[in-house]
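Q: just a sequence and a predicted model for now, questions to come.
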Amino acid sequence: APLPFGYDAEERDALYGLKAVFENKFIDGNWTGDHCNGNDPSGWFGLRCSDGRVTEVVLENMGLKGVIKPDAFVAFGELQVLSLHNNSLSGTMMNFAANQKLSRLDLSWNGFHGPVSKSLASLEKLSSLKVDHNELTREIPAFDQTSLVTLDVSNNNLSGEIPSTRVLQSLPPGSFANNSGLCGPPTSRVCGNFGHEDEPNPGDHHQAHLADTEAPSGSTQEKSNGKGSNKMTMFAVLFLLFDVVALIAVLLLFVLYRKKARRLKAMMREEEGGANDAKTEGHNELVGSQLTTTEKRPSVSATEEKGNLVFVNQEDSSFGLNDLLKASAEGLGKGIFGNTYMAKLNNRSTVVVKRLRDLKPMTGEEFTKQLAIIANLNHPNLLPLLAYFYSKQEKLLLYRFAEKGNLFDLIHGGRGSKERIPFRWSARLSVARGIARALEYLHINTKQTNTNSPPHGNLKSTNILIDENDMVLVADYSLASLVSLPIAAQSMVSFRSPEYISTKRMSRKTDVWSFGCLLLELLTGRVSANSTPQGVNGVELCVWVHRAVREEWTAEIFDQEIVAQRNASLGMVRLLQVALKCCERSPEKRPEISEIVREVENIKVVADSEDESDVSIDRSLTDESLSVDRSQSASGVVSDRSFRSGVVSGDNSR
Ligand SMILES: Nc1ncnc2c1ncn2[C@@H]1O[C@H](COP(=O)(O)OP(=O)(O)OP(=O)(O)O)[C@@H](O)[C@H]1O
């Protein structure tokens, strides 16, 4: 049906109002322009539209704060789904009288106070209402619409008798749990004289007025006050006695349970012959005593969760979660996906543990499915996943430790100081090859379930690692599907690409763009904006280098550290040409990764030499390993052993 002129503008204004309330960086950057751009799914984050009208607003787990006004949603006449689940929003509950099409409302896990809006009782299409884990007070409205099949008002401060409507009475008692003053069926709590409890406080009165224009109907406590109060007092005493007996029973049960659990644990220990475990029972510290970050340690119970580390290859399973919990650990850094630690296990091997946070809401099964995809990827230039751990509170990924650190440190570490270890041209070229091959493998072997998610998604120099054998290892691949979109959008490299910024769309070619930026970081020795955390300065290398080429300051493009190697200049220029193609603003103009691999491999490797004295040393460092080609690898993929430890590891014996 045609809409009254200007109605859309009201929705837009209301959305801008919400945006101002949230004061959220991601929303500020994302909610711009037209809110319902046709039916374009890449419109504003969290919105779904139909015929130019908002039908869904889903903003979950985003840490949104602010006080929402009671009339915040009156403009959304076509709204069917509203979820603000798990944020820190507050205010009295909104009035939904104007949202007659609303079928799912989820305001759970926020800080809303005042009464449950009575307007909800008039919504004929409402099928699911979740307002649990808020600070709501007073009685539950008399919901009686047959559409309502799910309701959760648990964990609030609601009070009074649960109305005896058929709909409310057919719900399980858990829907009403943990509300101190709520009574009557379907809960087992008998209604007593709770008059004083139900007296709304003055603040509530005011808020109730703001939230709901309807006057509160006669409440249960009013009915129960007066003549029958003596009877009620007796009833209350009996009720109290009943509570005390129930409490004692629960305590007894708890003691019994503890005893049994202890016996069970002892049996488990015996079975495992784990005399050592006795010492560590109840030892809850993951990755030991030397964490350099101040973050709370994970609360995985060692005994409860033992054996829940899932290994990708059984031959790696020489340790269990208990060993990990006992290991001494050191913080390596904090990334998008959480904190990363290095844990030294008793058998002296070292593993890297990533504690995941800010994940999308997903079940254990979904998590496992995603991890199985990652675990199946296998290439000499990809950092392999060793194992993972999943529990409700804790999700861990375990990797091999790459001894020689990351590419960012190789390029930029110790610049201008005596400690600086030169990073030679041949080693840089070799790194470029290793990354290109890994990326080609990912692009061939990753089925794109979500076309808006590039196979790597977060290619940058801190995610390129070097192991003890000088192998180039690409890390952090294919994790985008685990992390929640707002967090990904704030931190992942692919979200900085020209196409995401202008069209909010991404593809495999977005990885190609990130690879171009990485090549430029290798060639120029400049800190790339992609490699630095948001807010820290770095250069938008693709933009910078186009300008440098246009304005002919070519002499300034290459890193001084490699520019002196005259015999390498042809290779540098060719690699620069590859980088420039990858950097094209338009994804269609960028080459496919296979073409890039071919071009990079065709760049001739030359000995690193600046002058005569260098040659003798550098020949031994690079040549044989660099000249390894595809023919030497049965799989057609070459491990990139480009440099000896002298170059990379700090053996500065030259
Ligand atoms: N397996 C590993 N071996 C050695 N160092 C590692 C390993 N994994 C990560 N690191 C290093 O630990 C640090 C933190 O890594 P993390 O992946 O948490 O963050 P990041 O790479 O800086 O950012 P992002 O989360 O965006 O990838 C980085 O310096 C990274 O190079």
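A: Received, thanks.
Q: every contact and neighbour count from this point should use C-alpha atoms.
A: Fine.
Q: now the stretch 451-600 of the chain against the ligand: closest residue?
A: Relative to the ligand, the nearest point of the stretch 451-600 of the chain is T462 (4.3 Å; Cα to the nearest ligand atom).
Q: pretty sure that residue sits against S528.
A: No: the pair T462 / S528 is not scored as a contact, 11.0 Å apart, by Cα atoms under 8 Å.
Q: and the stretch 451-600 of the chain, which residues reach the ligand?
A: When proximity is defined by Cα under 6 Å from any ligand atom, the stretch 451-600 of the chain lies next to the ligand at 462-463, 476.
Q: give me the distance between the residue nearest to V74 when sequence neighbours are not counted and the ligand.
A: Distance criterion Cα to Cα, 6 or more residues apart in numbering; nearest residue to V74, sequence neighbours excluded, is A98 at 5.4 Å. From A98 across to the ligand, the span is 43 Å (Cα to the nearest ligand atom, to the nearest Å).
Q: same question for D243.
A: D243 sits 50 Å away from the ligand, going by Cα to the nearest ligand atom.
Q: if I pick H546, what's in contact with it?
A: H546 makes contact with L580 under the criterion Cα atoms under 8 Å, 6 or more residues apart in numbering.
Q: and it, which of the three is it?
A: helix (DSSP: H, G, I helix; E, B strand; the rest coil).
Q: where does pLDDT dip in this structure?
A: 1-7, 37-42, 193-239, 253-307, 347, 448-451, 533-536, 608-654 (pLDDT under 70).
Q: which ones are touching G516?
A: 542, 578-583.
Q: partners of the closest residue to the ligand within the chain in the sheet?
A: Using Cα to the nearest ligand atom, the closest approach of the chain to the ligand is made by G335 at 3.1 Å. With DSSP bridges applied, G335 shows beta-bridge pairing to G338.
Q: just G181 next, same as before
A: In this entry, G181 is beta-bridged to S159, by DSSP bridges.
Q: check the gap between it and I487 for me.
A: Note on G181: its distance to I487, by Cα to Cα, to the nearest Å, is 39 Å.
Q: out of these two, which sits in the more crowded spot?
A: Comparing G181 with I487 by other Cα atoms under 10 Å, the one with more neighbours is G181, at 22 against 18.
Q: surely L439 touches H456?
A: Yes: between L439 and H456 there is a contact at 7.4 Å, judged by Cα under 8 Å.
Q: interface residues of this structure facing the ligand?
A: Residues of the chain lying close to the ligand (Cα under 6 Å from any ligand atom) are 332-337, 339-340, 352, 399-402, 405-406, 462-463, 476.
Q: could you flag which of those are buried?
A: By neighbour count, with 16 or more other Cα atoms under 10 Å, the residues of the chain next to the ligand hold 332, 335-337, 339-340, 352, 399-402, 405-406, 462-463, 476 as buried.
Q: of these, closest to S108?
A: Nearest to S108 among those is F337, at 24.9 Å by Cα to Cα.
Q: excluding chain neighbours, give the residue nearest to that closest one in space.
A: Computed as Cα to Cα, 6+ apart, the closest residue to F337 that is not its neighbour in sequence is L356, at 5.1 Å.
Q: ditto for A579
A: The nearest residue in space to A579 (Cα to Cα, 6+ apart) is G516, at 4.4 Å.
Q: what of N567?
A: V606 (6.9 Å).
Q: A helix includes that neighbour, no?
A: No: counting by three-state DSSP, V606 is not part of a helix but coil.
Q: that one contacts S426, doesn't it?
A: Yes: at 6.9 Å, V606 and S426 qualify as touching, with contact defined as Cα under 8 Å.
Q: these two - which one has more neighbours?
A: Of the pair V606 and S426, S426 is the one with more neighbours under other Cα under 10 Å, namely 25 against 18.
Q: one step back: out of the contacts of G516, who has the most neighbours?
A: Neighbours here mean other Cα under 10 Å. Within those, the largest count is held by C583, at 30 neighbours.
Q: about what we covered before: burial count for the residue nearest to F337?
A: If we define neighbours as other Cα under 10 Å, then L356 has 19 of them.
Q: is V431 in contact with V472, as I believe?
A: Yes: with contact defined as Cα under 8 Å, V431 counts as touching V472 (6.1 Å).
Q: how many other residues sit next to G434?
A: Counted with other Cα under 10 Å, G434 comes out at 29.
Q: next, it: phi, psi?
A: Note on G434: its backbone torsions stand at phi -60, psi -40 [degrees, to the nearest 10].
Q: so how far is D467 from it?
A: From G434 across to D467, the span is 13 Å (Cα to Cα).
Q: joint contacts of those two?
A: Between them, G434 and D467 share the contacting residues L473, judged by Cα under 8 Å, 6+ apart.
Q: show me where the stretch 301-450 of the chain has helices.
A: Secondary structure of the stretch 301-450 of the chain by DSSP state H, counting those that start in this stretch: the helices cover 302-305, 321-326, 364-375, 407-412, 425-445.
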